[in-house]
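1. Dropping a prediction and its sequence here:
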Amino acid sequence: MSKVFSTFVAAAALLSMTAAASAQQNNTKVGMLTCKTSASLGLIIGSHQGLACKFEPNNGRSAELYSGYINRLGVDIGFTAGGVMAWAVIAHSAGVPAGALAGKYIGASGDIALGFGVGGNALIGGSGRSFALQPLSVEGEVGVNLALGVAGLTLASGR
């Protein structure tokens with residue numbers, strides 16, 4: 001059973017990273033999404049963290065606020081006191097309407113922390129699965145944690 005689970009997690013991570021890489025071809029960076037994360041307790045096969053996010057578009061429009069959460073499925077052992085994640089937002093065109101980042105994203109995730117830690121999450125999704133969140137998502141966190149697997153991110157417009 002655990003061998004099947006491990007194979008599933010590895011295959012899903014590889015697929016999502018490949019999809020994120022292909023989604024970036026012939027697209028443009030439209031801004032930065034920065035999220036503050038809540039504390040997290042790794043429950044061996046998964047975790048859940050609340051998010052408070054701000055999207056800063058490159059086109060000079062004012063920043064947009066989002067709230068949401070990120071769930072991880074895979075190996076996740078330990079705890080974190082929260083931190084910050086940041087992604088470059090890649091889209092098919094530069095004209096992104098307000099609130100368009102709301103939706104569900106999926107991709108690969110990895111974190112390690114011993115005191116201070118780092119991690120990355122490559123995700124695709126949003127309205128019409130038209131956005132790729134590329135890991136400038138270097139995650140800063142404080143805690144003791146090891147996580148590797150598939151991440152699901154859900155964003156809602158406003159807070």
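-> Yep, it's here. Residues are numbered from 1 along each chain as shown.

2. give me the element the residue lying closest to residue 27 once chain neighbours are set aside is part of.
-> Leaving out its chain neighbours, the residue that sits closest to residue 27 by C-beta to C-beta, 6 or more residues apart in numbering is residue 90, at 4.9 Å. Where you see a C-beta, it was placed from the backbone N, CA and C, and this is true even at glycine. Taking DSSP states H and E as the criterion, residue 90 maps to strand 64-91.

3. chain center to that strand, what's the gap?
-> Counting by C-alpha atoms, centre = their mean, to the nearest Å, strand 64-91 is centred 5 Å from the centre of its parent chain.

4. Give me the most central residue, the chain.
-> If you average the C-alpha coordinates of the chain and look for the closest C-alpha using C-alpha atoms, centre = their mean, you land on residue 121, 4.6 Å from that point.

5. Which of the helices or strands spans it?
-> Here residue 121 is covered by strand 103-125, with elements defined by DSSP H and E.

6. For the protein, which element, helix or strand, carries the lowest mean pLDDT?
-> When the helices and strands of the chain are compared on mean pLDDT, DSSP states H and E, helix 2-24 comes out lowest with a mean of 44.
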